[in-house]
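**Student:** Provided below are the primary sequence and the corresponding predicted coordinates.
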Amino acid sequence: VRIPRPKNIRSRLTLWYLLVLAGLLLIYAALVFAFQYVVLTRQIAHDEIQDVETVEGLLYFNLQGTLQLRQDYYSRPQSHLLIDRMMEVRDSSDNVLYRSPTLKRMSLDGATRKGEGDASFDQRIIRLQDGLYVLVISHIHSIQDQELLIRLGYSLAPLRQRMLQFLLLLLLAVPIALALAGFTGQMIAKRALRPLERMTTRAESITASNLSSRLEVKNPDDELGQMARVINHLLDRLEQAFLHLQRFTSDAAHELRTPLASIRTIGEVALEKGHGSEEYREALGSILEEISRLNETIESLLLLTKAEATQTGNRQTTFIAIDLVNEVLSLLEVVIEERNVTVIQENDSEGKVEVRADRSLLRVAILNVLHNALKFSPNKSVLRISYSRTANTSTRLLIAFQDQGPGISAAEYQRVFDRFYTSSARATASQSGAGLGLSVAKLVIDRIGGAVWFDEQTQSGAMCIIAVPIFNESST
Ligand SMILES: Nc1ncnc2c1ncn2[C@@H]1O[C@H](COP(=O)(O)OP(=O)(O)OP(=O)(O)O)[C@@H](O)[C@H]1O
Ligand SMILES: [Mg+2]
């Protein structure tokens, strides 16, 4: 049989609390009941012993030699126990000398037991023939040189009756107490959990359009307040990410709109004014150029989203750094020749070290940095690529790309890595693209666990440095 579990915490808490309380109350009631029983029985035994002593003073043999109980004792009001008392007196040869009328000719516990009454007042509970439970006290008393065994009994029926009433009272009180406790417990739990309810409704109403609203924090130090704070921080981060995404999307749309607009203009002008195939050819050439730029931008955007989705440490391989640089250089051969740039590699023995990274990601980064260096280099200039190592515990390989171009102003060392940022400096403006290259490079290098930055000490030209973790046998 499956017991249905209450759905909400409030009822579950109350239920547990009630179960524990019920257990405790029952144990308590049982203890009180037992204690009460023992105390009352002792009280009766005590009274009974006193009664035995009184009765002994009232016993006498009359002239016929029969044992009698003096009756004038009843002159003052008597308790039920005294009136209903049962008594039996036996002599040493076990003849019954006296039996009280309350016994109705029944024997009070039969023949004399061995050693009965030796220990002054013997005490025991017996059952009469008619089923009545009696507390019996036996005592040996001598009258006129006769050793008499006196047995005195009090019925336990009144006590049982009282105990039964007491038990009923206790059993009635327990459910009432439980009902009260359950009700108040439910109220307390409801009160305590009310902030949680408010938080839930508030959180439910938060959507992309009102990401700036927050949960209210009543008491920042209690558990619910802490939870509200944590959720608010989460919302902060979400909002930031969301704003970032929004900005990125609008920037991207803007970046795509410009070349599309110029493609359209070129097409319209050609249709309107173009007369010969020469004009059309020219227009198509410009359109293709714009399209390839558009293509590059879209490519970079895709790369950015792809790199953002990659987890750090994914697809790590070990390879020789300088091989990768040479591979990228051969890819850019056309640009190098076009610009007539001389590429010099320095310290290439250092570059022959194994690095550990996602090769395709690192390739993208180097390609972007090298492409910039070549793009912004004047004709017939020199591009130096040098290799070195950092000398601390986490050894990295530093690859520096130094060109002889216009360089980067101090204010732009960080900003050039922003998405869509292109410097407005006249020296580079003509060559600038979408402004995504360096942000892509930075993102992928971050994913690899490396770093990329522009050297701020360099006076002429720009020096872009890429740091990559070196492969270390012992660390893998
Ligand atoms: N080697 C360099 N020398 C001088 N300025 C540079 C150099 N590299 C980058 N910059 C500046 O940083 C800006 C951002 O570079 P980034 O590579 O992000 O964009 P881009 O090259 O203009 O466009 P894209 O790479 O998307 O085609 C460049 O527009 C340029 O102003
Ligand atoms: Mg670039």
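**Tutor:** Received, thanks. Ligands and ions are numbered 1, 2, ... in the order given.

**Student:** dump the residue contacts of V134.
**Tutor:** The neighbours of V134, taking Cβ atoms under 8 Å, 6 or more residues apart in numbering as the test, are M86, L108, I125, I126, R127, L128, G153, Y154, S155, L156. C-beta coordinates here come from the backbone N, C-alpha and C atoms, glycine included.

**Student:** Now do the fourth one: how many residues are near it, please.
**Tutor:** By that I understand I126. I126 has 15 neighbouring residues, counting by other Cβ atoms under 10 Å.

**Student:** Specify the beta-bridge partners of it.
**Tutor:** V134 (DSSP bridges).

**Student:** Against ligand 2, how distant is it?
**Tutor:** 111 Å (Cβ to the ion, to the nearest Å).

**Student:** most neighbours, which of the contacts of V134?
**Tutor:** G153 (27 neighbours).

**Student:** so it sits right up against S100, yeah?
**Tutor:** No: counting by Cβ atoms under 8 Å, G153 stays clear of S100, with 9.0 Å between them.

**Student:** Between the two, which contacts overlap?
**Tutor:** Contacts common to G153 and S100, judged by Cβ under 8 Å, 6+ apart, are R85, M86, M87.

**Student:** between those, which is closest to L215?
**Tutor:** Set against L215, the nearest of these by Cβ to Cβ is R85 (77.7 Å).

**Student:** that older thread, the contacts of V134 into a markdown table, with extra columns for distance to V468 and pLDDT?
**Tutor:** Shown next, in a markdown table, are the contacts of V134 (distance: Cβ to Cβ, whole Å; pLDDT from 0 to 100):
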| residue | distance to V468 | pLDDT |
| --- | --- | --- |
| M86 | 108 | 90 |
| L108 | 108 | 85 |
| I125 | 95 | 90 |
| I126 | 100 | 88 |
| R127 | 99 | 89 |
| L128 | 104 | 86 |
| G153 | 104 | 91 |
| Y154 | 102 | 90 |
| S155 | 102 | 88 |
| L156 | 96 | 88 |
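
**Student:** Among those, which ones are in strands?
**Tutor:** Taking DSSP state E, the ones among the contacts of V134 that sit in strands are M86, I125, I126, R127, G153, Y154, S155.

**Student:** beta partners for the last one?
**Tutor:** Under the criterion DSSP bridges, S155 forms beta bridges with V134.

**Student:** pretty sure it contacts D84?
**Tutor:** Yes: using Cβ under 8 Å, S155 is in contact with D84, at 5.9 Å.

**Student:** For the protein, which residues are neighbours of ligand 1?
**Tutor:** 300, 368, 372-373, 376, 403, 405-408, 416, 421-423, 428, 432-439, 462 (Cβ under 6 Å from any ligand atom).

**Student:** Take those and keep only those in helices.
**Tutor:** Counting by DSSP state H, those place S300, N368, N372, A373, T428, G437, L438, S439 in helices.

**Student:** Let me see the contact set for the first one.
**Tutor:** Same thing as S300. A434, L436, G437, V440.

**Student:** Same check on the fourth one?
**Tutor:** Taking Cβ under 8 Å, 6+ apart as the contact definition, A373 lies against L383, F401, Q402, D403, G405, A462, C464.

**Student:** quick one: the spatially closest residue to it that is not a sequence neighbour from I266, how far?
**Tutor:** Counting by Cβ to Cβ, 6 or more residues apart in numbering, A373 lies nearest to D403, which is 4.2 Å off, once chain neighbours are set aside. The gap separating D403 from I266 is 32 Å, by Cβ to Cβ, to the nearest Å.

**Student:** got the contact list for the residue of the chain found nearest ligand 2?
**Tutor:** Of all residues in the chain, G437 sits closest to ligand 2, at 2.6 Å by Cβ to the ion. Contact partners of G437, counting by Cβ under 8 Å, 6+ apart, are S300, N368, V369, H371, N372.

**Student:** ok, these vs A253, which is closest?
**Tutor:** S300 (14.6 Å).

**Student:** what's the pLDDT at the closest one?
**Tutor:** S300 is assigned a predicted lDDT (pLDDT) of 84.

**Student:** Just flag the most distant two among the contacts of G437.
**Tutor:** Going by Cβ to Cβ, the pair spanning the contacts of G437 furthest: S300 and V369, at 13.7 Å.

**Student:** circling back: which one's more surrounded, D403 and I266?
**Tutor:** Per other Cβ under 10 Å, whichever of D403 and I266 has more neighbours is D403, with 25 against 18.

**Student:** doesn't I385 make contact with the more buried one?
**Tutor:** No: using Cβ under 8 Å, D403 is not in contact with I385; the gap is 10.1 Å.

**Student:** coming back round to it: and the gap between the residue nearest to A373 and H371?
**Tutor:** Taken as Cβ to Cβ, the span from D403 to H371 is 11 Å.

**Student:** before we move on, what about Q226?
**Tutor:** When Q226 is compared with H371 (using Cβ to Cβ), they lie 50 Å apart.

**Student:** Likewise for F35?
**Tutor:** 94 Å.

**Student:** neighbour-wise, which of the two wins?
**Tutor:** Set side by side, F35 and H371 show more neighbours around H371, with 17 against 10, by other Cβ under 10 Å.

**Student:** Quick check: L211 touching F242?
**Tutor:** Yes: at 5.7 Å, L211 and F242 qualify as touching, with contact defined as Cβ under 8 Å.

**Student:** which residues touch L224?
**Tutor:** Contacts of L224 by Cβ under 8 Å, 6+ apart are P195, L196, M199, K218.

**Student:** The helix or strand encompassing the first one packs against which elements?
**Tutor:** Secondary structure assigned from DSSP states H and E places P195 in helix 157-204. Identification of packing neighbours for helix 157-204 by 3 or more Cβ pairs under 8 Å, 6 or more residues apart in numbering; DSSP states H and E yields helix 9-58, helix 223-273.
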